[in-house]
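>>> Sequence and computational prediction follow.
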Amino acid sequence: MATKRIADEPAYVLHRYDWSESSLILEVFTRHYGRIALVAKGAKKPSSSFRPILLPLQPLHVAFGGDAEIRTLRSAEWQGGHVMPTGDALLSGYYLNELLMTLLARDDPHAELFDIYARVVEIIASEHGEVLQGALRTFELLLLRETGFLPPLNVQTMTLRALDVNDHYVLVPEGGLRQAHAEDRVSLSGAQWLRLHETLQNHAPFTTTLRACAEMMGELKPQLRALLHYHCGVKTLRTRQMMIDIQAL
């Protein structure tokens, strides 16, 4: 059987592991093939052309081949556009990568999500702090939708009753969207949930959802965080704990 070869594939490195004294195993997010594993032979050698290229949050075009679970990286070319983010922006990028590593199955393509990830990475690298939090919330919503973990935001999940625009509702990990109780610390009005639902149905959901998220950031963030932690199977994601620890210094 002929070995399948793929060339000129848009990609980002999500994570990298040592494989031997000279090689790396890469977790890579590609546009047409989803999350895949690649071995970069000799990538740790000082003379390797891979060394300055195989970095996270950098737009690449890669070529790879093989039929095994871990394929072989043949080439990688940096597509330019921005330098490596630093500080809080870099941690935000690592946070996105951790979400993709945890929630995406291998070899499951998500071309639209790839394009949205690329846009958020551009925002992270451009240091537009005023829109970064909205971009992160937008990515979380679209990732949850793509993976099937986001319930419809236009009805109450358990009863399928329509939302009252004047009432308040909360998104809970175990039960989806339900009517808010007195003890709930954060919630959104029915009108706000309906607006988010409408923006997610848009043919260009990133821009419209970003605008909507910017107006309800404080109430939306903890609800999305709880839902993500639930489906990731952790109490706190590693990158988020790192942010907390740094802020406490």
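That came in fine, so what should we check first?
>>> Quick check: closest non-adjacent residue to Thr147.
In space, and not counting its chain neighbours, Thr147 is closest to Leu103: 5.1 Å by Cβ to Cβ, 6 or more residues apart in numbering. The way it works is simple: take the backbone N, C-alpha and C, and place the C-beta from them, glycine included.
>>> and what of Ala89?
Ile124 (4.9 Å).
>>> could you check the distance from the one you found over to Arg16?
19 Å (Cβ to Cβ, to the nearest Å).
>>> Among those two, which residue is more densely surrounded?
It is Ile124, of Ile124 and Arg16, that has more neighbours when counted by other Cβ atoms under 10 Å, with 24 against 18.
>>> wait, the more buried one sits on Ser92?
Yes: counting by Cβ atoms under 8 Å, Ile124 does reach Ser92; the two are 5.4 Å apart.
>>> count of residues packed around the residue nearest to Thr147?
Leu103 - counted by other Cβ under 10 Å - has 17 other residues nearby.
>>> and Leu136, backbone torsions?
When read as degrees, to the nearest 10, the backbone of Leu136 gives phi -70, psi -40.
>>> shouldn't it be in contact with Ser92?
Yes: judged on Cβ under 8 Å, Leu136 makes contact with Ser92 at a distance of 6.3 Å.
>>> center of this protein - which residue?
With distances taken as Cα atoms, centre = their mean, Leu96 lies nearest the centre of the chain, 4.1 Å away.
>>> mind checking the SS state of that one?
helix (DSSP: H, G, I helix; E, B strand; the rest coil).
>>> Begin at 12 from now on, thanks
Sounds good: first residue 12 from here, last item Leu107.
>>> show me what contacts it?
128, 131-132, 135, 147, 150 (Cβ atoms under 8 Å, 6 or more residues apart in numbering).
>>> okay, it: pLDDT?
With respect to pLDDT, Leu107 scores 95.
>>> how close does it sit to Leu25?
9 Å.
>>> and what of Arg62?
18 Å.
>>> And the pLDDT at Ala74?
97.
>>> Can you name every helix or strand that the longest strand along the chain contacts?
In the chain, taking DSSP state E as the definition, the longest strand is strand 16-29. Strand 16-29 makes packing contacts with strand 35-41, strand 71-76, strand 81-89, helix 98-114, helix 122-136 when contacts are defined by 3 or more Cβ pairs under 8 Å, 6 or more residues apart in numbering; DSSP states H and E.
>>> which residues sit in contact with the residue nearest to Ala100?
Taking Cβ under 8 Å, 6+ apart as the test, what Ile135 contacts is 68, 96, 100-101, 103-104, 107, 143, 146.
>>> Repeat that for Arg117.
So Arg117 contacts 45-48, 80 (Cβ under 8 Å, 6+ apart).
>>> What of Asn177?
200-202 are the contacts of Asn177 under Cβ under 8 Å, 6+ apart.
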